[in-house]
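In: quick one, what's the 3D model for this:
(one chain, ligands or ions: 1)
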Amino acid sequence: MTKNKIIIGSRESALAVLQSEMVKSFLNKEHPELHTEILTMKTTGDKILDRTLDKIGGKGLFVKELDLALIEKRSDISVHSLKDMPMEVPSELPLLAFSKREDPRDVLVLPKGADHLDKSKPLGCSSLRRTLQLKELYPDMEVKSIRGNLQTRLRKLDEGEYAGLILAAAGLKRLGLENRISRYFTVEEMLPAAGQGILAVQGRAEEDYSCLEGYCDREAWICGTAERAYVKYLDGGCSSPVAAYGELHGDTLLLRGLYYREEDGTYIKGQLEGDPLRAEELGITLAKRLKESMEKGESS
Ligand SMILES: NCc1[nH]cc(CCC(=O)O)c1CC(=O)O
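Out: Below you'll find the model as predicted:
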C-alpha cells in the first residue's frame, strides 16, 4: 500500500475491538512505519437486540456498516469474525486473509458460582445450529434464545435467567474468560459454525495490501474455504443451521458437515476427506452427498 496510514474498521464490542487490535499488532510489528488506527461502528445486528437474528433477516447484519466505510474510504480494512460473514461477499470487497484459528469448539458456561446445570431453567443460545444439537445433548432441557454481545449475555446469565449458555470458546478465550468454561463440546457433539474461531480481513479490490503479507494462515484459509463452500452450496437462507468444520491432517483435509431439512426440522451429519488444494470442491461434494442421502432416507 502506498499510503502510510491504515484505518481498521471494527464493530464496537469489546471482542470485535480486541480482534481488530490483533490485526493492528501484526501490522505494527511487521510495518512499524505504518500508522494504524481502529475505527469502531455499530452495526444493525448490534442495534436490534429484541429479536432473534433469523427474524431480523440474518445475512450481513454485522457487516453492512463496515462495508460502507470501506467503500467510502473511511477505512482501509475491516476485521470480522469469519463466521459472521455472509457466504457471498461483494467482489469489490474481497476477503484478503484469514487469521490462525482460535479454538473452534462451542462450550457451556454456567452462572457465576454454579457447579451444575439447574434443569428448571433454560439453556441460552442464539442460533438454530446450537439449539438443534443441544436437543440431543440435553433432551430434557428447554432452550431459550439470548441476544447481545458476549458481555451482555454473560450478565444475563449471572443474573439468573438461564441454567447455562452455549458460546464459542474462541470469543471467551480471546477475552480472557476461559475460566468461565465448564464444558467443552467436541466438534462431533456440536458441529461449529463455518469459520468459527477464524478472523477475516477484508479490503477493497483495487488496493495494494502487501502490508498484510505473512498474516494469512494457510490451514485456516483451506478449512475456512471448504466450510464456506459447503454452506454456500446448501444456502439454507438466513435462519439456516447448516454448518461445517474442517481439519487438516497432513496432506488430507477432513471436512464435517451438518445438513438440515427445513420441512421437518431434522438433520444429519457426515464427513469427507479430500485434497486441501481442492478445498472448495470438497465442500461442494460433501454438501451434495449429505443432501442426497437425506433425500434417499426420505423415500425409503
Ligand atoms: N455470532 C457471535 C459471534 N461471532 C463470533 C464470535 C466469537 C467466536 C469466533 O470468533 O468465531 C461470536 C460469539 C459466540 O458465538 O459465542
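In: any low-confidence regions in the protein?
Out: Scanning the chain for pLDDT under 70 picks out 1-2, 47-60, 236-239, 298-300.
In: hmm, try it at 50
Out: Residue ranges of the chain with pLDDT under 50: 1, 299-300.
In: and the longest helix for it?
Out: helix 279-299 (DSSP state H).
In: buried ones in that helix?
Out: For helix 279-299, burial by neighbour count (16 or more other Cβ atoms under 10 Å) applies to 279-280, 282-287, 290-291, 294. From N, CA and C alone the C-beta is placed, and that goes for glycine too.
In: among those, list the two that are farthest apart in space.
Out: Greatest spacing in the buried residues of helix 279-299, by Cβ to Cβ: 279 and 294 (23.0 Å).
In: domain-wise, how is this protein divided?
Out: 1-100+198-216, 106-184, 217-300 (automatic domain parsing).
In: now those in CSV, with distance to the ligand?
Out: Converted to CSV, these look like this (distance: least, Cβ to the nearest ligand atom, whole Å):
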stretch, distance to the ligand
domain 1-100+198-216, 3
domain 106-184, 3
domain 217-300, 11
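In: for residue 165, helix, strand, or coil?
Out: strand (DSSP: H, G, I helix; E, B strand; the rest coil).
In: what's the burial count for it?
Out: 24 (other Cβ atoms under 10 Å).
In: residues contacting the residue nearest to the spatial centre of the chain?
Out: Nearest residue to the geometric centre of the chain (Cα atoms, centre = their mean): residue 83, 2.2 Å. Shown in contact with residue 83 (Cβ atoms under 8 Å, 6 or more residues apart in numbering): 168, 192-198.
In: okay, and which of those residues map to helices?
Out: Using DSSP H, none of these sit in helices.
In: quick check: the two most widely separated of those?
Out: 168 and 194 (12.4 Å).
In: more neighbours: which of those two?
Out: residue 194 (29 against 23).
In: ok, the more buried one to the ligand distance?
Out: If you measure residue 194 against the ligand using Cβ to the nearest ligand atom, to the nearest Å, the figure is 10 Å.
In: leaving out the residues flanking it, which one is nearest to that residue?
Out: Once flanking residues are discounted, residue 194 sits nearest to residue 227: 3.7 Å by Cβ to Cβ, 6 or more residues apart in numbering.
In: I figured residue 166 was touching residue 110, is that so?
Out: No - contact between residue 166 and residue 110 fails when scored by Cβ atoms under 8 Å: they sit 11.3 Å apart.
In: okay, those two: which has more neighbours?
Out: Using other Cβ under 10 Å, the more surrounded residue of residue 166 and residue 110 is residue 166, with 26 against 20.
In: just the helices in the chain please.
Out: According to DSSP H, the helices that the chain contains are 14-30, 44-47, 53-56, 64-71, 128-137, 150-158, 169-174, 218-234, 279-299.
In: most neighbours per residue, which of those helices?
Out: helix 218-234 (a mean of 23; mean count of other Cβ atoms under 10 Å).
In: that helix - contacts with which helices or strands?
Out: Here helix 218-234 touches strand 95-98, strand 243-249, strand 252-261, helix 279-299, going by 3 or more Cβ pairs under 8 Å, 6 or more residues apart in numbering; DSSP states H and E.
In: got the angle for that helix vs strand 243-249?
Out: 150 degrees (axes from the mean of the first three to the mean of the last three Cα atoms, to 10 degrees).
In: let's number from 651 now, not from 1
Out: Shifting the count to begin at 651 puts that one at helix 868-884.
In: contacting residues for the residue nearest to residue 778 when sequence neighbours are not counted?
Out: Once flanking residues are discounted, residue 778 sits nearest to residue 891: 4.1 Å by Cβ to Cβ, 6+ apart. Counting by Cβ under 8 Å, 6+ apart, residue 891 touches 777-779, 781-782, 908, 910, 917.
In: redo the residues you listed as JSON lines? Include distance to residue 684.
Out: JSON lines is the format used below for those (distance: Cβ to Cβ, whole Å):
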{"residue": "777", "distance to residue 684": "37"}
{"residue": "778", "distance to residue 684": "42"}
{"residue": "779", "distance to residue 684": "38"}
{"residue": "781", "distance to residue 684": "43"}
{"residue": "782", "distance to residue 684": "45"}
{"residue": "908", "distance to residue 684": "41"}
{"residue": "910", "distance to residue 684": "44"}
{"residue": "917", "distance to residue 684": "46"}
